[in-house]
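*Asks:* Model the following, please.
(chains A and B)
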There are 2 protein chains.
Amino acid sequence: MYELHFGVPMAGAILCTLNIRHDASMLSILLKHSGAKVIFVDYQFLELAQEVLILISQTCTPPQLVLISELLQSSAPILSAQSEFPNYETLLREANPNFTVIWPIDECLPISINYTSGTTSRPKGVVYTHRGAFLNALVSVLMVEMGLMPVFLWTVPMFHCNGWCFTWGVAAQGGANVCIRNVTPEVIFESIAMHKVTHMGGAPTVLNMLIHTPREHRRTFQHKAHIIVGAAPPPTKVLFAIEEMGFSLTHSYGLTETYGPATVCAWKPDWDALPLEQRARLKSRQGLHHLGLAEVDVKDPVTMKSVPADGKSLGEVMFRGNTIMSGYYKNGKATQEALAGGWFRSGDLGVRHPDGYIELKDRSKDIIISGGENISTIEVESVLYAHNCVFEAAVVGRPDEHWGETPCAFVKLKEGFDATKEEIIAYCREKLPHYMVPKTVVFGDLLKTSTGKIQKFVLKERAKAMGSLTLQKKSKL
Amino acid sequence: MYELHFGVPMAGAILCTLNIRHDASMLSILLKHSGAKVIFVDYQFLELAQEVLILISQTCTPPQLVLISELLQSSAPILSAQSEFPNYETLLREANPNFTVIWPIDECLPISINYTSGTTSRPKGVVYTHRGAFLNALVSVLMVEMGLMPVFLWTVPMFHCNGWCFTWGVAAQGGANVCIRNVTPEVIFESIAMHKVTHMGGAPTVLNMLIHTPREHRRTFQHKAHIIVGAAPPPTKVLFAIEEMGFSLTHSYGLTETYGPATVCAWKPDWDALPLEQRARLKSRQGLHHLGLAEVDVKDPVTMKSVPADGKSLGEVMFRGNTIMSGYYKNGKATQEALAGGWFRSGDLGVRHPDGYIELKDRSKDIIISGGENISTIEVESVLYAHNCVFEAAVVGRPDEHWGETPCAFVKLKEGFDATKEEIIAYCREKLPHYMVPKTVVFGDLLKTSTGKIQKFVLKERAKAMGSLTLQKKSKL
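*Replies:* Numbering: from 1, shown residues only, chains lettered A, B, ... in the order given. The predicted structure is shown next:
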């Protein structure tokens, strides 16, 4: 995957990495939409990929599958599959060593397409340009003070905004990449200690994993390891625990449409002396735009006026600059909407503090972020609505100690019909990837506005009031 | 000067900083050539500037002089001048606080013009674009591992390639600038210790000054201060002495035409364990191009073929990429020559080592670098040739413990004419800025090639054989 981040653009092609958690149906839709000619598949996902190819071949010619297999002798099924598909390593060995790199004739041509968590009917392929990727790679490196020859541990999936552009950024700095198959605390600690990891991404899930690792499974390390945390700021307790373990945290925020990191909570040395609670509050802010962007602003989405920098007035967070997507692939309407008025409208609601730092307050799109992945509540709701017994459904995020948040479904059953929570969850498991399935189901009436819209805000409060899902509770489910 | 690096472009104007060591004649030529409308003058240079304005007014309308004076009450002459010219600080105080920044409508529009040490008849104004300056600022910061909130000590003059673009780079990193009026070892040591300087430029002159400072005039400091050394690599002894004092050295190379730094001797951690001599030899190489450039190559200037990477085959060092000048202002011919074949031809001769690092071997343009400033030998020679008694003259660099090198003139007098060394030097002082005046004059025949060209290579060897000019010897002059 890391090699393909360079090989694909250098071959004059466009990179389109897919979320390995998607099911065959979604993957076939995305592959068809992207018009991919070749798909590179790790042996772990070969079965899924074959399913996808069958689905595609019902309506059109499927892409050529190239198998990536590092373990040639390990298992019989893989060996048999090998005869069917060309092998990546073999292709490399047999390739022309004098191949000339095909440079883009225009820096604004696409280097990659990154699919957001779109609904089934409208996957949105965010188009990155060579120019934007170059810039975001460099400024992200600057943003996290990544020195020369860093060692980057890949806890952030590379399919996610091209690893926040750190795929290219690490190479720019002459760094080493530590890639792991399973993101477990043991593997993380071992990698940090063994390879002297300098930088890694840290979704709240990863941070939680680390601090909840029993001491006997941890490894100590003498150097400072740097964690870049995404939009959801860690709670005070987590921040404290993680810093105590020898990590330093940078809080960044961005969207697929901003090539990953777009703002950073630039840390002022004076703040080090503040009490922990106050430091956590400062750290929880999303901060200032990085050097690749022209501007980040919090605006009234209708008048396009900036909100006052009072830390209270809500507005939509908007961006403009070089590291904003060119648009959504084959979706002019969504592109126009997202970029209306010359700004990229994030859909996230926030405030501007008197010192200029922005802070997110809510997501107008009601997206749930679970384990670093976006879950569209609309998509989950559409599955629930398809259940025979369901009259109405609304999905919101419920705090979760491990995943940050998980989907919580409020369901009103049809009169005269009955279904258990377990049945609802089992039904969703059939239709949705595992991570999108509600972990909590609550039956009852749904509060509505006078115009008949479900009051999600109230449901969110109720989900919060239930408290965090803990590992104990979940294991009982 | 630092403020003007931002204020001038933000006002939609073009910055053109001038070498304070030029004389009034050269300054008037450059000002006329640039078409400057306003000139900002520090009070220390007011007298010189007034002379310049008189010279210009003989042929055209001189620019508006704005006086920069921080010492309002200090001296009477300055006060009287104040009534004549508007004062910078007063203008700032009275300016419109709601002034809207005038952004360039095209990133390839010029942000600044930087004059090289051209001859009197052909000053060359190197045009920098907003795009190039942005990129070179960021990649220079990356190149020297300048972290967030650096403290930069200005030993590199800001008129020199806009301070190698560190004017903008330091701002990008939220840094502090330490500006000093007099570059003396005492001031440098005091600034480093007091302000915790993290980065500074270091022409060989500055390095020499530091290591020759008596211990009682030095200040110790606990942090690591980072020195960026220009094209001329420090000799082993200097390297050793400077590292022992708590500095770390980055060896970079570039020209005005490359926005300052263009290559860097990227240091591999393994090399730290090598013996000093070997480390010095590795450090003396100019290295690899930085991230803002597409390519640096060592080529045959006629066939444009790359020389083999054998560390021996000489070729001309050439560059291409985003951080190459747009051209020379109002000089299409020189622009075409310099950029012929799609590469910027540096005029410097070098080799490529098997590991890809380049190393300069000679300067085909015979430029002398004295105290970090370029001296065109042709310019000095043209003055010598104008002397009544001089038949032939050739100027080369002679090693100098303080300045790196100083001009050494080989002169053949006309038959029947006589002149002393002192008279030749005094004559040059009248016509040239002080730093360009030969410090050494040697009378005798000049060796020539069969085609009648003076063999400068032989003269250089002779100048070298005389040994370094030392401070003692110079004070005797």
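*Asks:* give the contact list for the most centrally placed residue in chain A.
*Replies:* Residue closest to the mean C-alpha point of chain A, counted by C-alpha atoms, centre = their mean, is residue A:373 at 4.3 Å. For residue A:373, the contacting residues are A:19, A:21, A:117, A:160, A:435, by C-beta atoms under 8 Å, 6 or more residues apart in numbering or on different chains. Placement of C-beta: from N, CA and C, glycine included.
*Asks:* between these, which is nearest chain B?
*Replies:* residue A:160 (24.0 Å; C-beta to the nearest C-beta).
*Asks:* So which residue of chain A lies furthest out from the middle?
*Replies:* Distance-from-mean max, chain A, by C-alpha atoms, centre = their mean: residue A:416 at 40.6 Å.
*Asks:* Can you name the residues of chain A sitting close to chain B?
*Replies:* A:138-139, A:141-142, A:145, A:147-149, A:172-174, A:266, A:269, A:291 (C-beta under 8 Å from any C-beta of the partner chain).
*Asks:* And the pLDDT at the residue nearest to the centre of chain A?
*Replies:* For residue A:373, the pLDDT comes out at 79.
*Asks:* now it, which residues is it bridged with?
*Replies:* residue A:370 (DSSP bridges).
*Asks:* Can you name the residue of the stretch 201-350 of chain A nearest chain B?
*Replies:* Chain B sits closest to residue A:291 of the stretch 201-350 of chain A, with a gap of 5.6 Å, by C-beta to the nearest C-beta.
*Asks:* Can you select the buried ones among the residues of chain A next to chain B for me in ChimeraX?
*Replies:* The ChimeraX selection below is limited to those of those classed as buried (16 or more other C-beta atoms under 10 Å in any protein chain shown):
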select /A:138,139,141,142,145,148,172,173,266,291
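*Asks:* who touches residue A:10 in this structure?
*Replies:* So, once contact is read as C-beta under 8 Å, 6+ apart, residue A:10 ends up touching A:101-102.
*Asks:* Check what pLDDT it gets.
*Replies:* So, for residue A:10, pLDDT stands at 97.
*Asks:* do you know how far it is from chain B?
*Replies:* Distance of residue A:10 to chain B, computed by C-beta to the nearest C-beta, to the nearest Å: 14 Å.
*Asks:* State the distance from that residue to residue A:138.
*Replies:* Distance check for residue A:10 against residue A:138: by C-beta to C-beta, to the nearest Å, it reads 18 Å.
*Asks:* ok, now residue A:358?
*Replies:* 23 Å.
*Asks:* and which of the residues of chain A next to chain B is nearest to residue B:208?
*Replies:* residue A:148 (27.6 Å; C-beta to C-beta).
*Asks:* what about that closest one, which helix or strand?
*Replies:* Counting by DSSP states H and E, no helix or strand carries residue A:148.
*Asks:* Grab the longest helix from chain A for me.
*Replies:* Ranked by residue count and defined by DSSP state H, the top helix of chain A is helix A:130-143.
*Asks:* now for the next helix or strand along the chain from that one, which elements pack on it?
*Replies:* The helix or strand immediately downstream of helix A:130-143 is strand A:151-154, counting by DSSP H and E. Using 3 or more C-beta pairs under 8 Å, 6 or more residues apart in numbering or on different chains; DSSP states H and E, the elements in contact with strand A:151-154 are strand A:176-179, helix A:185-195, strand A:199-202.
*Asks:* lowest confidence element among the helices and strands of chain A?
*Replies:* helix A:471-476 (a mean of 46; mean pLDDT, DSSP states H and E).
*Asks:* Quick one: mean pLDDT over the longest helix of chain A.
*Replies:* Mean predicted confidence for helix A:130-143 is 97.
*Asks:* and it, C-alpha only, in CSV?
*Replies:* What follows is helix A:130-143, C-alpha atoms only, in CSV (Å, rounded to 0.1, in the frame of the first residue of the first chain):
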residue,chain,number,x,y,z
HIS,A,130,-0.7,16.5,-7.0
ARG,A,131,-0.3,20.1,-5.9
GLY,A,132,-2.5,19.7,-2.9
ALA,A,133,-1.0,16.4,-1.8
PHE,A,134,2.5,17.9,-2.1
LEU,A,135,1.5,20.9,0.0
ASN,A,136,-0.4,19.0,2.6
ALA,A,137,2.4,16.4,3.0
LEU,A,138,4.9,19.2,3.7
VAL,A,139,2.8,21.3,5.9
SER,A,140,1.6,18.3,7.9
VAL,A,141,5.3,17.5,8.5
LEU,A,142,5.9,21.0,9.7
MET,A,143,2.7,21.0,11.8
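*Asks:* Much appreciated, bye for now.
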